[in-house]
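[1] next one to model:
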Amino acid sequence: MPALMLPEEIEALFTREDGSYAFARWGRPIAPIVFGVADETLAIVKGAVEAVVTLAGHQMAETDPELGTNLMFFFFRDWEELLEVPDLDRMIPGLAPLVNRLSSEEASQYRAFRFDDEGAIKAAFVFLRMKGEMAQVPAETLALTQAVQVMLLWSERAFSEVSPLAVLPENGNTILRPEIAGVIAAAYDRMMPVAAQDASHALRLFARLQGPAPDQQEHTT
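    Next up, the predicted model:
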């Protein structure tokens, strides 16, 4: 059985920098698309998303009836390349100043979410600048990390110090940390809300972690 997280540790995963609690999960099947990678990397990214979706007990789809695709991954080398993507400025308001800010900060990644009327995630955009350390991360590890981070609306600080992944010492395989897998599975329990702004939600997640551990998804790197 995986090591259980304490209620305050779960709460911290969804507590914003301003101290507010904000949780959301996907409210519709996930239809991903990936730009800027070779076919073999495309398969790795989609496979990682499918693995985490399966863990959560959620669903994948070929298309979203409203949006076509609702999870977009963009791989590139320079932030300015995003300004050349057709219609991206319509999907990401304020794209030009955002690109300027991320470029000046030499950021390596950025995620943006869109929500439906109930507060559930209805679309997400993942931007990955493949330079420096980011370019050295194995594709499987990068894909699984990003799939985890887009599955829920985590705090911006949730994985700033500790990765959601772990390496098995006996074989070097990379897995999703059991306690994080447990939180994802609990968050998608059909009795749980799709969105929450009260920290008592973390206690409900904790209560569901007392049950059987979810199967782990393993990726060889």
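[2] pLDDT of the helix or strand harbouring I180, averaged?
    Using DSSP states H and E, I180 falls within helix 178-187. For helix 178-187, the mean per-residue pLDDT is 95.
[3] neighbouring contacts of stretch 149-164?
    With contact meaning Cβ atoms under 8 Å, 6 or more residues apart in numbering, stretch 149-164 is reached by 12-17, 22-26, 49, 52-53, 56, 71, 111, 113, 121, 124, 126, 145, 148, 176-177, 180, 183-184, 187. Glycine gets a C-beta too; all of them are placed from N, C-alpha and C.
[4] now a ChimeraX select for only the buried ones of those.
    Buried subset of the contacts of stretch 149-164, written as a ChimeraX selection, criterion 16 or more other Cβ atoms under 10 Å:
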select :12,13,14,15,22,23,24,25,26,49,52,53,56,71,121,124,126,145,148,176,177,180,183,184,187
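[5] looking at the contacts of stretch 149-164, which are in helices?
    Judged by DSSP state H, the subset of the contacts of stretch 149-164 located in helices is A12, L13, V49, V52, V53, A56, T145, V148, I180, V183, I184, A187.
[6] for the fifth one, give me its contacts.
    Okay, so that is V53. Applying Cβ under 8 Å, 6+ apart to V53 gives the contacts I30, Q59, M60, M151.
[7] can you list the weak-confidence ranges in this structure?
    For the chain, the stretches with pLDDT under 70 are 1-3, 211-221.
[8] checking W154 next. Helix, strand or coil?
    Using DSSP: H, G, I helix; E, B strand; the rest coil, the structure places W154 in coil.
[9] so where do the helices sit in this structure?
    7-13, 39-56, 88-91, 95-104, 133-136, 139-151, 178-187, 200-208.
[10] can I get those helices in JSON lines including distance to L165?
    Listed next are the helices of the chain as JSON lines, based on distance: least, Cβ to Cβ, whole Å:
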{"stretch": "helix 7-13", "distance to L165": "15"}
{"stretch": "helix 39-56", "distance to L165": "11"}
{"stretch": "helix 88-91", "distance to L165": "29"}
{"stretch": "helix 95-104", "distance to L165": "24"}
{"stretch": "helix 133-136", "distance to L165": "15"}
{"stretch": "helix 139-151", "distance to L165": "6"}
{"stretch": "helix 178-187", "distance to L165": "8"}
{"stretch": "helix 200-208", "distance to L165": "20"}
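[11] mind checking the ones you listed for the one nearest to V194?
    Of all the helices of the chain, helix 178-187 sits nearest to V194, with 9.4 Å by Cβ to Cβ.
[12] so the closest one versus helix 39-56, what angle?
    For helix 178-187 against helix 39-56, the angle by axes from the mean of the first three to the mean of the last three Cα atoms, to 10 degrees is 70 degrees.
[13] what's near enough to touch Q109?
    Q109 makes contact with V126, F127, L128, R129, M134, Q146, according to Cβ under 8 Å, 6+ apart.
[14] just the buried residues out of those residues, in PyMOL syntax.
    Selection of the buried residues among these in PyMOL, burial being defined by 16+ other Cβ under 10 Å:
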select buried, resi 126+127+128+129+146
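[15] ok, so what distance separates T15 from E118?
    21 Å (Cβ to Cβ, to the nearest Å).
[16] hmm, back to that, the helix holding I180 - contacts with which helices or strands?
    Applying 3 or more Cβ pairs under 8 Å, 6 or more residues apart in numbering; DSSP states H and E, one finds that helix 178-187 contacts helix 39-56, helix 139-151, helix 200-208.
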